[in-house]
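# can you look at this prediction? I've put the sequence above it.
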Amino acid sequence: MSSAYQILLSDRPRRNRRLAGLRAMQRQTVLTPSDLVLPLFVHDLPDRKPIGSMPGHARLSVEQLVEVSREALELGVPGVALFPALSDHLKDPRGKESLNPEGLLQRAVRALKQELPELVVITDVALDPYSSDGHDGVLIGDRIDNDETLPVLAGMAVAQAKAGADIVAPSDMMDGRVGAIRDALDEAGFTDVGICSYAVKYASAFYGPFREALDSAPRAGDKKTYQMDPGNSREALREIALDEAEGADWLMVKPGLPYLDVVRLVREHSALPVAAYHVSGEYSMLKAAAAQGWLDFDRCLLESLTSLKRAGADVIFTYGAIEAAKLLRAGA
Ligand code: PBG
């Protein structure tokens with residue numbers, strides 16, 4: 001062997017990978033169930049209604065929601081994120097059902113906090129589940145009116161806080177909404193209710209299955225005038241600076257895996273906890289490939305979530321939270 005090769009081979013990284021025990025000792029990123037949040041869909045019917053593009057997920061009754069959340073909590077998943085699937089007759093252009101103290105989401109929150117007081121209940125703040133236009137803000141003519149939307153979002157957040165939400169999570173991408181929501185919560189006495197801002201949310205095609213679940217696809221147009229352009233990362237810095245100044249408690253990047261660089265960027269530019277959302281399309285892709293026998297769902301799920309944590313996420317929203325928690329507890 002030439003001396004050049006001898007010099008290269010004096011350093012052998014493989015020595016550290018020789019035994020499972022060695023690999024475990026040196027693992028730099030260890031996923032745990034407590035990193036996870038389970039998003040769930042609730043509807044106002046007694047039977048669960050499966051979501052075709054999200055095998056394993058369904059629109060649940062409030063009772064079923066409590067049972068699934070209990071299972072998650074018992075497996076070590078500390079929180080759930082709730083999304084209401086409303087029937088069409090409750091939707092209108094201003095999403096006024098979102099303010100109803102007896103509305104579906106508010107009833108779901110109350111039931112969860114009553115049965116599982118230690119569960120972290122995160123509620124989504126945006127108009128789309130309630131909007132007959134399928135947009136996150138108020139549509140006036142053919143544009144989403146930012147400033148008309150802010151009081152609706154603030155009212156929605158207060159209604160959710162009154163029902164017992166621990167964290168409200170504005171996912172609408174209107175300018176100024178974190179500040180408007182913080183002011184409204186404080187004024188109503190909810191100084192302890194946190195805000196998880198979907199600060200860096202892209203106009204992504206990976207939300208498709210979620211929109212099937214809620215029947216919430218925009219009836220016209222798309223969300224590109226409020227959600228971020230997938231080509232941009234510097235713009236994320238502007239969004240997080242604003243949301244921090246307005247009082248956000250967590251910053252979220254969404255989707256997850258296609259935006260790992262952005263998760264890292266946000267991690268490096270903020271001291272706030274960073275959440276990443278492994279969105280519906282990311283979950284569906286794994287399920288679909290696994291159904292074909294092309295991928296091992298369990299291993300791909302854990303690898304995806306570990307990658308989000310490695311990139312800098314403290315909290316990971318994933319539809320695979322229960323599956324991942326079971327795998328992790330089994331020592332996968
Ligand atoms: C809308 C909202 C969306 C998701 C969470 N909140 C979809 C959208 O912006 O159209 C997507 C979540 C997912 O795909 O899992 N406010």
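Sure thing, it's come through.
# ranges for the helices of this protein?
3-8, 20-26, 62-74, 104-115, 146-163, 177-187, 208-214, 234-246, 260-269, 280-291, 297-311, 321-329 (DSSP state H).
# who wins for proximity to residue 98 among those?
With respect to residue 98, and counting by Cβ to Cβ, the nearest of those is helix 146-163 at 4.3 Å. For every residue, glycine as well, the C-beta is placed using N, CA and C.
# thinking again about what came up before, wait, which of the helices of the chain is closest to residue 254?
helix 260-269 (9.4 Å).
# which residues touch that closest one?
Contacting residues not belonging to helix 260-269 are listed as 199-200, 233, 236-237, 240, 251, 253, 256, 274, 276, 307-308, 311-313 [Cβ atoms under 8 Å, 6 or more residues apart in numbering].
# again, only this time at 7 Å
For helix 260-269, contacts defined as Cβ atoms under 7 Å, 6 or more residues apart in numbering pick out 200, 233, 236-237, 240, 251, 253, 274, 276, 307-308, 311-313.
# just flag the most distant two among these.
Among the contacts of helix 260-269, 237 and 307 lie farthest apart (Cβ to Cβ), at 22.0 Å.
# who has more neighbours, these two?
residue 307 (19 against 16; other Cβ atoms under 10 Å).
# next up, the contacts around the more buried one.
Residue 307 neighbours (Cβ under 7 Å, 6+ apart): 257, 260.
# got it, and residue 244?
270, 272.
# got a pLDDT number for it?
Residue 244 carries a pLDDT value of 98.
# and for residue 221?
89.
# same question, residue 5
62.
# swap in residue 269?
For residue 269, pLDDT reads 98.
# state the distance from it to the ligand.
23 Å (Cβ to the nearest ligand atom, to the nearest Å).
# what number of residues lie near residue 30?
Residue 30: 10 neighbours (other Cβ under 10 Å).
# what's the answer for residue 293, then?
7.
# on that earlier part again, residue 170: which of the helices of the chain is closest?
Short answer: helix 177-187, nearest of these by Cβ to Cβ, at 5.1 Å.
# quick check: mean pLDDT of that closest one?
For helix 177-187, the per-residue pLDDT averages 98.
# got the residues of the stretch 201-332 of the chain near the ligand?
When proximity is defined as Cβ under 6 Å from any ligand atom, the stretch 201-332 of the chain approaches the ligand at 207, 210, 211, 223, 279, 280.
# mind listing what the residue nearest to the second one when sequence neighbours are not counted touches?
Once flanking residues are discounted, residue 210 sits nearest to residue 280: 3.9 Å by Cβ to Cβ, 6 or more residues apart in numbering. When contacts are counted by Cβ under 7 Å, 6+ apart, residue 280 touches 54, 207, 209, 210, 319.
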